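Can you look at this prediction? I've put the sequence above it.
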Amino acid sequence: MASSRRIAGQFAWASSSRIGAALLQAVLLALAVRAVPPAEFGLLAAMLGITTLLQTIFDMGVQTYTTRERAARGDVGAIATALRFNGRTSLLLAAVAAAVIAGASWMIDPAFAFMLPLAVWVAAERTADVRLTIAFADGDVRGNAINLLSRRAFAIAIFLLLVALHVEALLSYAIAVAAAAVGSSLFARAYVRGRVTAPPDITYRELLRASWPYWLNSVATQARNLDSAITATFAGAVQAGYFSVASRLTSPLRILPTTLSSVLLPNAAKSSGSRRETLLLLRLAGLVWTLTTAIYLLIIVIAPWGVPLVLGADYTGSVLAVQIVVAGLPFAALISLLSSVLQGRGRKHFVATVATVSVVVCLVMVALGAALWGAEGAALALTLSFVGQAIAICAGFVKYVWNGAEEAK
């Protein structure tokens, strides 16, 4: 495992780039919010959740599998197999996403037709992210940094240009993110070329047998993105728009813990499992968790003033939902940090099981909460699901990692 200084350096590079990318993403979403009424933004948020879930489903756990295998075993044939598999499934993903969006525009709302370029977005972005995980697992985070920042900045520039040309706002957003993702994919292909030299040496069936627990955890995590669609179904488009502000615009606030979790996973895979190395990982995780929790508390306090100022008076009704969701983010951060260590130490099945149970309970609670109390009820359900999952993950960490580390002390 890398030294604490090297891990901190990797985190500094990754976090600074992802914070910048998250801020740019928040700017793009804020621009979209101001360009469309709450009902249309609710539709966009719902489709973003659905297409993102499709993206995770078609990934089949390959991205996390590739990260861990590359960190633990280096340049092996399984990595080449994983990249080839990802290229084929990405094409299928684009076709399925296009069919889903077209079906929604026909059966639910014609406005969904403006979102068809999102099918290109999900496929191209998935290809880029999987390829660049090779460099990330090797400890080189610069490629990811350049890719993320360029992708977000390019999307904003295209969106502003299209809106200035009076292209419909939803279509402008979809074209902007799709074009940026295609550029990102081309960059990733060029950057990773030459880093994977071993020929494929496992079948797709063997790949899926090894990657499915990572896939199950990722699908369960992303399935929470269906919360906006469920809220729209049980509480209407306006309440879904309010809830989407809380659940989508606050997602960049999770960038620090999720970034550190991506750094912890390969380092946990390389570690011996000793108590000293476990403490090294926990020390940095605890520092980041404390910092982000302080930020979350500040946002809860300023939300009644900040939300209307940033998004406009039409979104005043989303303030309480924002506060409730942000109150659950410390628990979500804990889940990300400890789950990555558990996966790195080989406890992928436990993490997948907890995530699956948690998301099923979460979506049922969101439906009930939205039906009873609208956006606030859905937000409360989301936060309570984070609390429950965090408790289970902490218990698993103590059992499988902390107590196990005593034997390797």
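That came through, no problem.

From here on, just use CA atoms for contacts and neighbour counts.
Will do.

show me where the stretch 1-150 of the chain has helices.
Using DSSP state H, counting those that start in this stretch, the helices of the stretch 1-150 of the chain run over 4-35, 38-59, 62-73, 77-107, 118-137, 142-164.

So which of the ones you listed is nearest Ala220?
Ala220 lies closest to helix 38-59 among those, at 9.0 Å (Cα to Cα).

Not counting that closest one itself, show me its contacts.
Helix 38-59 is contacted from outside by 32-33, 86, 89-90, 93, 97, 101, 111-112, 115, 118-119, 122-123, 126, 170, 215, 218-219, 222-223, 225-229, 232, 237-238, 240-242, 244, 248, 314-315, using Cα atoms under 8 Å, 6 or more residues apart in numbering.

Next, the angle from that helix to helix 118-137.
Angle, helix 38-59 to helix 118-137, by axes from the mean of the first three to the mean of the last three Cα atoms, to 10 degrees: 50 degrees.

Just the buried ones among the contacts of helix 38-59, please.
Neighbour-count burial (16 or more other Cα atoms under 10 Å) applied to these gives 32-33, 86, 89-90, 93, 97, 101, 111-112, 115, 118-119, 122-123, 126, 170, 215, 218-219, 222-223, 225-229, 232, 237-238, 240-242, 244, 248, 315.

and the residue positioned nearest the centre of the chain, what element?
The residue lying closest to the centre of the chain (Cα atoms, centre = their mean) is Gln222, at 7.1 Å. Using DSSP states H and E, Gln222 maps to helix 204-223.

Please name every helix or strand in contact with the helix or strand that that helix is followed by.
Next along the chain after helix 204-223, taking DSSP H and E as the criterion, comes helix 227-235. Here helix 227-235 touches helix 38-59, helix 237-248, helix 348-397, going by 3 or more Cα pairs under 8 Å, 6 or more residues apart in numbering; DSSP states H and E.

Show me the one of the ones you listed that comes nearest Ala268.
Among the helices and strands packed on helix 227-235, helix 348-397 comes nearest to Ala268, with 12.6 Å by Cα to Cα.

Of all the helices of the stretch 1-150 of the chain, which one is nearest Val351?
Here helix 62-73 is closest among these (Cα to Cα), at 12.8 Å.

OK, contacts around the closest residue to Ser385 other than its chain neighbours?
Nearest residue to Ser385 in three dimensions, chain neighbours excluded: Cys362, at 5.3 Å (Cα to Cα, 6 or more residues apart in numbering). Contacts for Cys362 (Cα under 8 Å, 6+ apart) come out as 224, 381-382, 384-385.

Report the two of those residues separated the most.
Spatially, the most separated pair among the contacts of Cys362 is Arg224 and Leu384, at 12.7 Å (Cα to Cα).
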